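Peer 1: sequence and predicted structure are below.
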Amino acid sequence: MRKTMRVVGMMSGTSADGIDVVLFRSDGESRMDTGPAANFPYPPAVALALRAVVADPREAEQPQGPLEQAVTDAHV
């Protein structure tokens, strides 16, 4: 039997609405048991800025330092 680990998974999906978090247990190969999960919405200004970048390819090509920092801060 393989050793199982408890893992916290975090992601920001393509909807740009917030951060999804789940606690699960896995052996890293074939077994995964999910536990509690939650969604933490981005602040409205961050969600709006993310959607604006996705909607405009020219905007997406520009440096996004402040937005990157706001998304990082939301994950902490």
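Peer 2: Received, thanks.

Peer 1: C-alpha only now, for contacts and for neighbours.
Peer 2: Noted.

Peer 1: any idea how far residue 13 is from the closest residue to residue 28 other than its chain neighbours?
Peer 2: Taking C-alpha to C-alpha, 6 or more residues apart in numbering, and ignoring the residues beside it in sequence, residue 28 has residue 4 as its nearest neighbour in space, at 7.5 Å. From residue 4 across to residue 13, the span is 27 Å (C-alpha to C-alpha, to the nearest Å).

Peer 1: between these two, who's got more neighbours?
Peer 2: Shown here are residue 4 and residue 13; by other C-alpha atoms under 10 Å, residue 4 has more neighbours (13 against 10).

Peer 1: over to that one: give its phi and psi.
Peer 2: The phi/psi pair for residue 4 (degrees, to the nearest 10) reads phi -100, psi 150.

Peer 1: contacting residues around it?
Peer 2: Taking C-alpha atoms under 8 Å, 6 or more residues apart in numbering, we find residue 4 in contact with 25, 26, 27, 28.

Peer 1: contact partners of stretch 45-56?
Peer 2: By C-alpha under 8 Å, 6+ apart, the surrounding residues in contact with stretch 45-56 are 16, 17, 18, 59, 60, 67, 70, 71.

Peer 1: how does it look with 6 Å?
Peer 2: 16, 17, 59, 60 (C-alpha atoms under 6 Å, 6 or more residues apart in numbering).

Peer 1: which residues of this structure fall in strands?
Peer 2: Secondary structure of the chain (DSSP state E): strands at 5-12, 18-26, 32-41.

Peer 1: strand partners (parallel or antiparallel) of the first one?
Peer 2: In other words, strand 5-12. Sheet partners assigned to strand 5-12 using DSSP bridges are listed as strand 18-26 (antiparallel).
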